[in-house]
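1. Next one to model:
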Amino acid sequence: MAEQLVVRHFGQSTCVIHRRVTLDWFCETCRDAICAKCISTTHRGHIFVQLSEVTRKNRQWIKTFINTTEQTKVAQIQQEISTTRETLKRNLSRFEGLEVEVRKQGEEIKKELDVLMAQTISQLKHLEEENSKVLINYQTQLGKKLQQLKNQRKQCKKSLRVGTDIQVFDFVKGLKSLVTLPTKPILGNAKFYPQINPERFLRQALGTVALTPSEQSRGDSDHSGSAGPDQWHVSVNQHELLHKQESQDDMTQSSPALQTIFCHKRTASF
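-> Residues are numbered from 1 along each chain as shown. A predicted model of the protein is given here:
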């Protein structure tokens, strides 16, 4: 087979070797159009026919391609485009729905957290008011006792100046029963034990999304060297096992999921 160094452009009707000579022949050996001079030179000994004979076959092949394309391929691609369009709509709707669910769950958690905070603060406020009442009452009693002692001190000074023996005796006897102070109250107390790792419990309350990467994402991960699907895919079974394990861990912990108020009695210090 002769080697051709010059490339013929699409639609060019003249030979690239023998300039200005029309390409009227087809070399079946090289599967290319040639001119009359090529038959006795560059394509000597090859099998060739008139290009017009090949044209009839080529036209028939083109017609067959058109018919096949119109009847099958075009319809298949159009159907695939339509299916992909519907899949795109469902994909958008599905993930919008998932986003709504996540936001709804998050808002519910916020509401529950607000209620829990309000209840806890209310308990603290109630205990604070109880302690305030006890302290105010104790302060009032101390004030009365102070006034009594001042009056007694005044009477003591008077008895020293003008009291008779029996008056001094009776006065001292009465003092011994009035010297005692009011009992110091026992106040309620509160301690707050914040959760060391609240994010874990918030994630558990919010829920877990099971992700399965698309084929395109898997291919990009393989080429980029980033985490593959086996590293970031969370299956439903794994999620259930994780949920059970966290539930068991919660039961063994001494502190609650979000916060706990322990109210107990102790002796107040002044």
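
2. where along the chain do the strands fall?
-> For the chain, the strands defined by DSSP state E cover 25-27, 32-34, 48-50, 186-192, 261-267.

3. Next up, the contacts around His46.
-> Met1, Cys27, Glu28, Thr29, Cys30, Ile39 (C-beta atoms under 8 Å, 6 or more residues apart in numbering). Every residue, glycine included, has its C-beta placed from N, CA and C.

4. Of those, which count as buried by neighbour count?
-> Among the contacts of His46, those scoring as buried are Cys27, Cys30, Ile39 (criterion: 16 or more other C-beta atoms under 10 Å).

5. I'd like the residues you listed laid out as JSON lines, including distance to His18.
-> Converted to JSON lines, the buried ones among the contacts of His46 look like this (distance: C-beta to C-beta, whole Å):
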{"residue": "Cys27", "distance to His18": "14"}
{"residue": "Cys30", "distance to His18": "15"}
{"residue": "Ile39", "distance to His18": "11"}
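
6. Closest one of those residues to Val21?
-> Ile39 (10.9 Å; C-beta to C-beta).

7. Please list the members of the contacts of His46 that lie in helices.
-> Ile39 (DSSP state H).

8. Export the contacts of His46 as CSV, with columns for distance to Ser132 and pLDDT.
-> Formatted as CSV, the contacts of His46 follow (distance: C-beta to C-beta, whole Å; pLDDT from 0 to 100):
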residue, distance to Ser132, pLDDT
Met1, 109, 43
Cys27, 111, 89
Glu28, 111, 87
Thr29, 111, 88
Cys30, 108, 88
Ile39, 119, 82
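
9. So what's the residue count around the closest residue in space to Tyr138 that isn't next to it in sequence?
-> In this structure, Tyr138 finds its nearest non-sequential neighbour in Pro185, 5.0 Å apart by C-beta to C-beta, 6 or more residues apart in numbering. Pro185 has 14 neighbours, counted by other C-beta atoms under 10 Å.

10. Verify the stated contact: Pro185 with Gln139.
-> No: in this structure, Pro185 is not within contact of Gln139 by C-beta atoms under 8 Å, at 10.0 Å.

11. give me every residue that touches the residue nearest to Tyr138.
-> Contacts of Pro185 (C-beta under 8 Å, 6+ apart): Val134, Leu135, Asn137, Tyr138, Ala268.

12. Among these, list the two that are farthest apart in space.
-> Greatest spatial distance among the contacts of Pro185 (C-beta to C-beta): Asn137 and Ala268, at 12.8 Å.

13. In terms of neighbours, single out the busier of those two.
-> Between Asn137 and Ala268, counted using other C-beta under 10 Å, the more crowded position is Ala268 (15 against 12).

14. Low-confidence bits of this structure, can you list those?
-> Applying pLDDT under 70 to the chain picks out residues 1-6, 176-179, 217-270.

15. In it, where's the longest helix?
-> In the chain, assigned by DSSP H, the helix with the most residues is helix 74-162.

16. Which secondary structure elements does it sit against?
-> Judged by 3 or more C-beta pairs under 8 Å, 6 or more residues apart in numbering; DSSP states H and E, helix 74-162 is in contact with helix 165-176, strand 186-192, helix 198-206, strand 261-267.

17. Any idea which of the ones you listed gets closest to Ile109?
-> Evaluated over the helices and strands packed on helix 74-162, closeness to Ile109 peaks at helix 198-206, with 5.3 Å, by C-beta to C-beta.

18. Does anything pack onto that closest one? Which helices or strands?
-> With 3+ C-beta pairs under 8 Å, 6+ apart as the test, helix 198-206 has helix 74-162, helix 236-252 packed against it.

19. and if we set it to 7 Å?
-> Counting contacts by 3 or more C-beta pairs under 7 Å, 6 or more residues apart in numbering; DSSP states H and E, helix 198-206 is packed against helix 74-162.

20. Report the angle between the helix it packs on and helix 198-206.
-> Going by axes from the mean of the first three to the mean of the last three C-alpha atoms, to 10 degrees, helix 74-162 is angled at 130 degrees with respect to helix 198-206.
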